[in-house]
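Chemist: Sequence and computational prediction follow.
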Amino acid sequence: MEINREEKKIVIKIVYYGPALSGKTTNLMQLHDLLSPSETGDLMSLDTKGDRTLFFDLLPMVISTDNGFRIKLKIFTVPGQVAHDATRKAVLSRADGVVFVADSQKDQAINNLESFENLEKNAARVGLDFENLPLLIQFNKRDLEDIDDEETILNKWTPTGIPVVFAKAIYGQGVFESFYRIMRDTCKTLDRSIQAGDNFSISESIEKYFRAIKK
Amino acid sequence: MINIPESDFYDREYSLKELIDTDVLDKLFQYIRELTPLTLYLVDQKGSRLFYKGNIPETDIRMAFKGNYESDLPDRIITCGEIILKVFPVILELETLGYLIAAYESRYNLPSHKIDASAGLLSKVTSNLIKDRYKYNMTAGLHGQVVEESFEDLRQKAELLEISQNKYRSLSENLEIEVKKKTKEIEKAFAILMHQENLASVGHLAAGIAHEINNPLGFICSNLHTLSEYKSSLITLLSGYRNLKSLIKAGSHKLKSTAALLNKVNEIVKLEDDLDIDFILEDMPKLIDESSEGLDRVKNIVMDLKVFAHPDEKDIQYADLNENIESTVNVLHNELREGIALVKNYGDIPRVKCNPKEINQLMMNIILNAIQAIDNKGKVIISTDINGKYVKITVKDTGSGISDENLSKIFNPFFTTKPVGQGTGLGLSTAYNTVKKHNGSLDIQSSPGEGTEVIINLPADKG
């Protein structure tokens, strides 16, 4: 997070992580379509090679608050392919919250696990406190066949304390929920690091924003 | 990890100044001015000038625009006396970074569609320039970070590799030292074994020689004993004669008659008979000759042994190998059982520069092997000859021979076909080493059941 008091601006970085072709960019595209055009900018896709993200995708958002602060959200995706680890690491650095997009298909279990371990490793390398990093796992592609059932997944992940969201990102399902929950958790964490003198709550501003959207 | 200063983070917020390429804007504006005489003015959010070109003074534009920074409304028109401003907010990621102002004077009566088109084009192109620049900055920054970190990773890996390389290098160096140490230990142990083998064959030799010497010594002793008895008989007889001589010399008063004298003579004759003097006289020279012969044999054995062992000679010298072989054969005389014929074909060979003790030991090992290979009857043929620059020694036997399987192993230390306790398995190995030390060669040809031929070539050195 960056706070620019002179410009009354807070910049928050959210990163969508996960294995190749799990639907990270799809999440951002859907999010862009779901939110009002006055609040989201253009989805910036950098150098995509076919369907694959080469550098990153970036969806910017600006939310105005009551006390004149602007909250700027920068939502990034990492390239999922194993070979782009250095890029993935660079995109992850300075993240305030992470959505891990997993592929629900049974034959992707190993890829999910490896990517998750990669996230843990890279978080440590860029100096993120993984234990306290706001994190959410989205099990995507629930519309496909031969996927692990929800019970199996919940049994596996509930003990870790990491929230799980099921999604069909291609149809927009679970996309907003994932975004909403990671924003709530991230803002809660960020509020702790805001100076008491600021007399300001990011959480409240975000909640207000989401309430407005839901209407 | 590399610490990058915060201002270099690729994902940071960029100011308009960082994103506008004024040279490109300038070129574009030159074309636009050909069509429409506008004045172009670009300011950031704080009012700082980033670009200005045209006829209308900057102060007039600023005066007209004053107080209008805050609003984000697009495409506004501000009129201030003669001067009209068309204001376009420059927006990136929903944020207004600054304003592009196209100014003109009302007195020129420019057609409004021309002004709209030119100002709109400037605004659109500027907006796209900024977006592209933003993308470029982010990508280049990220790429730079990735390259730097990849480089750092590689550097660290290279460092680790170097460390492990050094570790393995020192390991391999130590290994070499260890191997050298162990090799030395093995060589030492092997030298001790060789020495023991030599001692063993010397022991074998000593036993044979003891037998050789013991035989003549036995009968010399026995002869001396007999001679001693003969001596006693002769002394007794001689006393009888002396007694008779003194009786005759002293006068006849004791010898009353010729009969008495005759009686005395008869007594001596009887004594001669009793003592078997005739036999003694006949046997005594025989015994002495025989003893003398026995002593000669002992003397010869000792001399051969002396030649064989060279106790008083230098290690390396020029030697007549025929002589060495002869003395070795003599020393081995005891080993030649009945039924084994030893044939010697000594050629006319030059002297060879060698260590005679070692050559004798070598010949003893090989001749002994040849003798031992023969079960009952057979021949051992020893030949010497000139073979180019070499002296060739051949030891051929008609013994049991060596199987092909064993033939490949006979030079291996500790390989033996002899019963346990009778062979150390070092004889041929020692022989091979000796020949190699003398820059020679040792070949063995063998057919099982027919016999074995050992061919030794030693360099002939005309010294």
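Modeler: Yes, it's here.
Chemist: got the phi/psi numbers for the residue in chain B that chain A sits nearest to?
Modeler: Evaluated by Cβ to the nearest Cβ, chain B has B:E93 as its residue closest to chain A, separated by 3.8 Å. To be clear about C-beta, it is placed using only N, CA and C from the backbone, and glycine gets the same treatment. Backbone torsions of B:E93, given as degrees, to the nearest 10, read phi 50, psi 50.
Chemist: So which residues of chain B form helices?
Modeler: B:16-19, B:22-35, B:58-65, B:112-250, B:258-275, B:277-309, B:321-331, B:356-373, B:404-407, B:427-437 (DSSP state H).
Chemist: Burial-wise, tell me which of these comes out on top.
Modeler: Among the helices of chain B, helix B:356-373 has the highest mean neighbour count (mean count of other Cβ atoms under 10 Å in any protein chain shown), at a mean of 22.
Chemist: where does whichever residue of chain A sits closest to chain B land in three-state SS?
Modeler: Proximity of chain A to chain B (Cβ to the nearest Cβ) peaks at A:P60, 3.8 Å away. Three-state call for A:P60 (DSSP: H, G, I helix; E, B strand; the rest coil): strand.
Chemist: Run through the bridge partners of it.
Modeler: A:K74 (DSSP bridges).
Chemist: Share the number of residues neighbouring it, please.
Modeler: 20 (other Cβ atoms under 10 Å in any protein chain shown).
Chemist: isn't it right next to A:K72, touching?
Modeler: Yes. Between A:P60 and A:K72 there is a contact under Cβ atoms under 8 Å: 6.8 Å.
Chemist: Mutual contacts of those two, please.
Modeler: Listed as contacting both A:P60 and A:K72 by Cβ atoms under 8 Å, 6 or more residues apart in numbering or on different chains are B:E93.
Chemist: Can you pull the residues of the stretch 101-250 of chain B lying near chain A?
Modeler: Residues of the stretch 101-250 of chain B lying near chain A by Cβ under 8 Å from any Cβ of the partner chain: B:135, B:138-139, B:142-143, B:145-146, B:149-150, B:153.
Chemist: what would the residues you listed look like in a markdown table with pLDDT and distance to A:R211?
Modeler: Formatted as a markdown table, those follow (pLDDT from 0 to 100; distance: Cβ to Cβ, whole Å):
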| residue | pLDDT | distance to A:R211 |
| --- | --- | --- |
| B:K135 | 90 | 34 |
| B:M138 | 90 | 33 |
| B:T139 | 88 | 37 |
| B:L142 | 89 | 35 |
| B:H143 | 88 | 40 |
| B:Q145 | 86 | 38 |
| B:V146 | 88 | 40 |
| B:E149 | 84 | 41 |
| B:S150 | 86 | 45 |
| B:D153 | 86 | 46 |
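Chemist: now, the most widely separated pair of those?
Modeler: Farthest pair in these (Cβ to Cβ) is B:K135 and B:D153. Separation: 26.3 Å.
Chemist: thinking again about what came up before, could you dump the helices of chain B to JSON lines with distance to A:L35?
Modeler: Below are the helices of chain B laid out as JSON lines (distance: least, Cβ to Cβ, whole Å):
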{"stretch": "helix B:16-19", "distance to A:L35": "25"}
{"stretch": "helix B:22-35", "distance to A:L35": "33"}
{"stretch": "helix B:58-65", "distance to A:L35": "33"}
{"stretch": "helix B:112-250", "distance to A:L35": "20"}
{"stretch": "helix B:258-275", "distance to A:L35": "155"}
{"stretch": "helix B:277-309", "distance to A:L35": "112"}
{"stretch": "helix B:321-331", "distance to A:L35": "110"}
{"stretch": "helix B:356-373", "distance to A:L35": "102"}
{"stretch": "helix B:404-407", "distance to A:L35": "90"}
{"stretch": "helix B:427-437", "distance to A:L35": "93"}
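Chemist: Indicate which one of those is closest to B:Y104.
Modeler: The nearest among the helices of chain B, by Cβ to Cβ, is helix B:112-250 at 6.3 Å.
Chemist: ok, back up a step: per-residue pLDDT, the closest residue to the residue of chain B closest to chain A other than its chain neighbours?
Modeler: Counting by Cβ to Cβ, 6 or more residues apart in numbering or on different chains, B:E93 lies nearest to A:P60, which is 3.8 Å off, once chain neighbours are set aside. pLDDT recorded at A:P60 is 93.
Chemist: Ok, A:G23 next?
Modeler: For A:G23, pLDDT reads 94.
Chemist: next one: B:K418
Modeler: 69.
Chemist: circling back: show me the contacts for the residue of chain B closest to chain A.
Modeler: A:41, A:60, A:62, A:72.
Chemist: could you dump these to a markdown table with distance to B:T226?
Modeler: Shown next, in a markdown table, are these (distance: Cβ to Cβ, whole Å):
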| residue | distance to B:T226 |
| --- | --- |
| A:G41 | 140 |
| A:P60 | 137 |
| A:V62 | 142 |
| A:K72 | 138 |
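Chemist: Please give me every residue in contact with B:I220.
Modeler: B:291, B:294-295.
Chemist: whoops, I mixed them up, A:D103
Modeler: A:D103 sits in contact with A:18-19, A:21-23, A:111-112, A:140-141, where contact means Cβ under 8 Å, 6+ apart.
Chemist: how does it look with 7 Å?
Modeler: A:19, A:22, A:111-112, A:140-141 (Cβ atoms under 7 Å, 6 or more residues apart in numbering or on different chains).
Chemist: what is it paired to in the beta sheet?
Modeler: Beta-bridge partners of A:D103, as defined by DSSP bridges: A:N140.
Chemist: Distance check, it against A:C187.
Modeler: Distance of A:D103 to A:C187, computed by Cβ to Cβ, to the nearest Å: 28 Å.
Chemist: Ok, B:D443 next?
Modeler: As for B:D443, its distance to A:C187 is 95 Å (criterion: Cβ to Cβ).
Chemist: Compare these two and say which is more crowded by neighbours.
Modeler: Ranked by neighbour count (other Cβ under 10 Å), B:D443 and A:C187 place A:C187 first, with 24 against 11.
Chemist: ranges for the strands of chain A?
Modeler: With DSSP state E as the criterion, chain A has strands at A:2-4, A:9-17, A:44-45, A:57-64, A:70-77, A:97-103, A:135-140, A:164-166.
Chemist: That'll do, ta.
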